[in-house]
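1. Okay, here's the prediction I keep looking at, along with the sequence it came from:
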Protein chains: 2
Amino acid sequence: MDGSTPSTPASPVPDADRVHIFDTTLRDGEQSPGISLNVQEKVEIAQQLARLGVDVIEAGFPITSPGDFEAVEAISRGVEGPVICGLARTHKADIDAAWNAIKDAERPRIHTFISTSDIHIEHQLQTTREDVKGQAKAAVSLAKSLCEDVEFSPMDATRADVEFTAEVCAIAVAEGANVVNIPDTVGYTTPEEYVRYFQRLIELAPALENVRLSVHCHDDLGLAVANSYAGLLAGARQVECAVNGIGERAGNCSLEEIVMLLRTRRDEHGLDTACDTREIARTSRMVTRFTGYAVQPNKAIVGRNAFAHESGIHQDGVLKERITYEIMDARDVGLESNSIVLGKHSGRHALRDALEQLGFKVEGNALNQAFRRFKEVADKKKQVTALDLEAIVSDQVRSSSQSYNLAWFDVEASTRRDPHATVCLRVPSGSDVQGESGGDGPVDAIFCAIRAATGVDSELRQYTVSAVTEGEDALGEVTVMLRAHGRLASGQGVATDILEASARAYVRALSNALEGAAVREAEEVAADAASQPVTPGP
Amino acid sequence: MDGSTPSTPASPVPDADRVHIFDTTLRDGEQSPGISLNVQEKVEIAQQLARLGVDVIEAGFPITSPGDFEAVEAISRGVEGPVICGLARTHKADIDAAWNAIKDAERPRIHTFISTSDIHIEHQLQTTREDVKGQAKAAVSLAKSLCEDVEFSPMDATRADVEFTAEVCAIAVAEGANVVNIPDTVGYTTPEEYVRYFQRLIELAPALENVRLSVHCHDDLGLAVANSYAGLLAGARQVECAVNGIGERAGNCSLEEIVMLLRTRRDEHGLDTACDTREIARTSRMVTRFTGYAVQPNKAIVGRNAFAHESGIHQDGVLKERITYEIMDARDVGLESNSIVLGKHSGRHALRDALEQLGFKVEGNALNQAFRRFKEVADKKKQVTALDLEAIVSDQVRSSSQSYNLAWFDVEASTRRDPHATVCLRVPSGSDVQGESGGDGPVDAIFCAIRAATGVDSELRQYTVSAVTEGEDALGEVTVMLRAHGRLASGQGVATDILEASARAYVRALSNALEGAAVREAEEVAADAASQPVTPGP
């Protein structure tokens, strides 16, 4: 217990102590309200997860929509390194869809699940325990006939009868499941209880000792990381987690917390992952940006204040000896590594080199567009940092396939009279349309003018603004969530001008809603036997 | 394990199972970078904590500044119910200051601390173990001579030699400490390790069985709640925690999470607190608003998505049977209780009644001012909800004693030319001054115009915007953190117009910086033997 900092990457651990990181940011995380990632964004995140060194990427739930299917397929074809996993209920249509989406992956995995708790069997599935056993058997058997790597989850296990759950798990193992995951679906268990559950489960179904056991914990009572850790101490060797802890309700176990807990306290338990922790900060920023879900300042590992010296406040004790108050080194999670600074005189080559250092390969027309945006920003900011570049390029990725585009706007605002905005947009037909409006404030006036210009009925649900970097001339990043074309959609915009960022975000959210609606129409046309899943998954 | 929801308030537990909630939002929480609560705000928060039913309020660290002293004194005199506690190092001056600040409280407590870890003894205190023992003895003895209720904390205990820590704790108990707190100051321990530490400590210092043991855990590895819970299972009966989990670095154990964990899983452990959990949501909102520290959407208990039906998305399973996916009822944490809706025709009486229902007693001139703000907002919003009223009144509380006040502004913005702002302010001398400026965007132009008008050199450090309620005509709440008059200060502004909210927030932050600077000058004049604490405390 010397409080020293772990090195990165870790020295290898024996196989028996190697914890696999199963990232579900793109599946459980993406199910959070208002997150609407397009295929390109999902591929970007999956590539970053591969750089981070996760073992498994749960890329989606292919049966749920053609868009989800397409994203899982694109990740399977384009992302190298991790196992690529698709989620499926026990239905044949789900398993076929999952397999078709992942079959081109280097190392595909089908993850199938069914609830074993009586609450779920009665109210959700409206069936019997016998039927659940039969469904689990058939599903794992089918999945195994298609794919060598099969994971099975008894959903809501921690609220289920352990004897019955053990029976179902034994069936899954007998049919060939090589990973069995014990989800705390509703975030109800405690560390002690979870350990007892694992112990009893293994006692009842000794075959579980021959497969990889997994934990999947939700944070409803603030225990997702602790429960996951307890499950590992009880013998599990896979953690299902999500970047920034996003996911259903209070979210999943936070990837960065469990990874840094294992790395930092390896002295205590001997376990470790294969993650390159220096990629953590960038992964967190990317997920924040694409999802519009911010992390709070006091969030462990990736919050603005997680490392005291990041906040600009140097406590005397920290200066005297860093380990007096810090148990981790900010550099080990990828903070403070941003030495890149460009200015208004930097050229295209310098930009391309800087982007490459950041892990973005940008060429041709995309580079031209990124360079144009960079110049616009560099004209207004003295220094363009690595964080700014990330924001600009991410913004570029998102805008490539928009239906609506902002041409220009003018706005007047005052405390002494009502605001007024005029907006010009390029619409899907290719023509430019203008709209004008007053409003409660200049942002509202701009949004009303956009509605007037497009004629699309949309309702603002949420509006957030954050600064990309600190200081006077920071880039502002606006996230808008709205309801239009019958669905919730979000969009982001980046600019030094908050009104411009707001307008861009609104236009992008509208585009996303329109594209989502188009996908849904396609779904309805192609409607087959598979009904929409009525369950959010483990 | 039936997944049922706890009732609120809980049925009483036996004394032996009663967990005391020690809230340190105003001490450890307030030490977060950029939080600058004034006395009135601290009193408001303390009153809300009393309504929530916490057992102890750590109101501040009185030696650190006259402002902190004044706030602790005001809370001691004005807040009824909880024990009011002041923090002190082992120095005589600290303990005297703490006692002078709390002595008018119904039930005062002095909390004194010194590190027992060799890392801290060597690098922070630069002394010896023998000296630490002597200081602890003298401090507890002095505190006990002044105050019946004395708490002692061996800081950084979890990284300290347990034998030495036990020796120091035994001394503290012998001198009369009736609460002994075992802090995990740097957020380093794990639940198993913490339990072993408590067990060994009690074995080595059996006198600890006769006092109330306490936990104080930081969240650097995401384990603050789990470690606190483990400490309770090992025999502690006080939890030190903060609303929204704010505090040094990744913050403290989150009050709402530990309280709801104990309430929800009382079946598992038999422990409970005396909190009225229905006050949790309002307390969280108040702390968010006054500190400017937002909670993330997926934060347990108080995040926007913590309860699925809050997000507007009703999963099929939730509709079928709420407990299928929810282990708590949103009403039990005070969500969905906001039936109050006022409109533009509501009168002064309706406003006063609504505010009283919300726990605000507003009369006379304050009511007139609140009514004027209410009318301004009601003119722009169709419905003014309880959440809006909270924001308006909080905004009023904060603006009562400002040095600078916004009179009006005009701004023009466009994507086709540079923005331009003109601002008029009332300055401390009572006269109106105007300034005008361009900028990177309209917000920047307004801030530059404010700087031009006041002539005060200020640097923007952080800028955040959030919406008070959802929908089209939501109130926007802006938080600005800036550096001026030699210190960091933050300010908030509320308006339906984001530019107006920004201008108000900037002006308020400037006022706070000026007041803080005035306080510091007073401190320098009154400088006595007590040096500024070089430690952030447990």
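-> That came through, no problem.

2. I am assuming A:Ala306 contacts A:Ala300, so please confirm or correct that.
-> Yes. Using CB atoms under 8 Å, A:Ala306 is in contact with A:Ala300, at 5.9 Å. The way it works is simple: take the backbone N, C-alpha and C, and place the C-beta from them, glycine included.

3. Mind listing the shared neighbours of the two?
-> Residues touching both A:Ala306 and A:Ala300 (CB atoms under 8 Å, 6 or more residues apart in numbering or on different chains): B:220, B:250.

4. what kind of secondary structure is the residue of the stretch 51-200 of chain A found nearest chain B in?
-> Using CB to the nearest CB, the closest approach of the stretch 51-200 of chain A to chain B is made by A:His123 at 3.8 Å. Under DSSP: H, G, I helix; E, B strand; the rest coil, A:His123 falls in the helix class.

5. Tell me the pLDDT of it.
-> Looking at A:His123, its pLDDT reads 86.

6. residues near it, how many?
-> 19 (other CB atoms under 10 Å in any protein chain shown).

7. same deal with A:Lys344?
-> Counted with other CB under 10 Å, A:Lys344 comes out at 14.

8. That one: what's it in contact with?
-> Contacts of A:Lys344 (CB under 8 Å, 6+ apart): A:375, A:378-379.

9. Wait, a strand at it?
-> No. Going by three-state DSSP, the assignment for A:Lys344 is coil, not a strand.

10. Mind telling me what element A:His349 is part of?
-> helix A:348-357 (DSSP states H and E).

11. Check which helices and strands that helix is in contact with.
-> strand A:341-342, helix A:364-380, helix A:386-399 (3 or more CB pairs under 8 Å, 6 or more residues apart in numbering or on different chains; DSSP states H and E).

12. Kindly recompute the last result at 10 Å.
-> Contacts defined by 3 or more CB pairs under 10 Å, 6 or more residues apart in numbering or on different chains; DSSP states H and E place helix A:348-357 against strand A:341-342, helix A:364-380, strand A:384-385, helix A:386-399.

13. how about these, which one is nearest B:Asp432?
-> B:Asp432 sits nearest to helix A:364-380 of all the helices and strands packed on helix A:348-357, at 30.9 Å, using CB to CB.

14. got the end-to-end distance for stretch A:478-490?
-> End-to-end span of stretch A:478-490 (CA to CA, to the nearest Å): 10 Å.

15. Just confirm yes or no for that stretch near chain B.
-> Yes. Taking CB under 10 Å from any CB of the partner chain as the criterion, stretch A:478-490 and chain B are in contact, through A:478, A:481-483, A:488.

16. so where do the helices sit in the stretch 51-200 of chain A?
-> A:66-78, A:92-102, A:118-120, A:129-146, A:162-174, A:191-204 (DSSP state H, counting those that start in this stretch).

17. Mind checking the pLDDT average for the third one?
-> Per-region confidence: helix A:118-120 scores 93 on mean pLDDT.

18. now do stretch A:32-51
-> 87.

19. in that stretch, what counts as buried?
-> Residues A:32-39, A:41-50 are the ones in stretch A:32-51 that count as buried (16 or more other CB atoms under 10 Å in any protein chain shown).

20. Point out the ones among these that are inside helices.
-> A:39, A:41-50 (DSSP state H).

21. For the residues you listed, work out which two are farthest apart.
-> Among these, A:Val39 and A:Ala50 lie farthest apart (CB to CB), at 16.5 Å.

22. tell me which helix or strand of chain A sits lowest on mean pLDDT?
-> helix A:316-320 (a mean of 53; mean pLDDT, DSSP states H and E).

23. Tell me the spacing between the residue located most distally from the centre of chain A and chain B.
-> What lies farthest from the middle of chain A is A:Arg416; by CA atoms, centre = their mean that is 43.8 Å. Distance of A:Arg416 to chain B, given as CB to the nearest CB, to the nearest Å: 5 Å.
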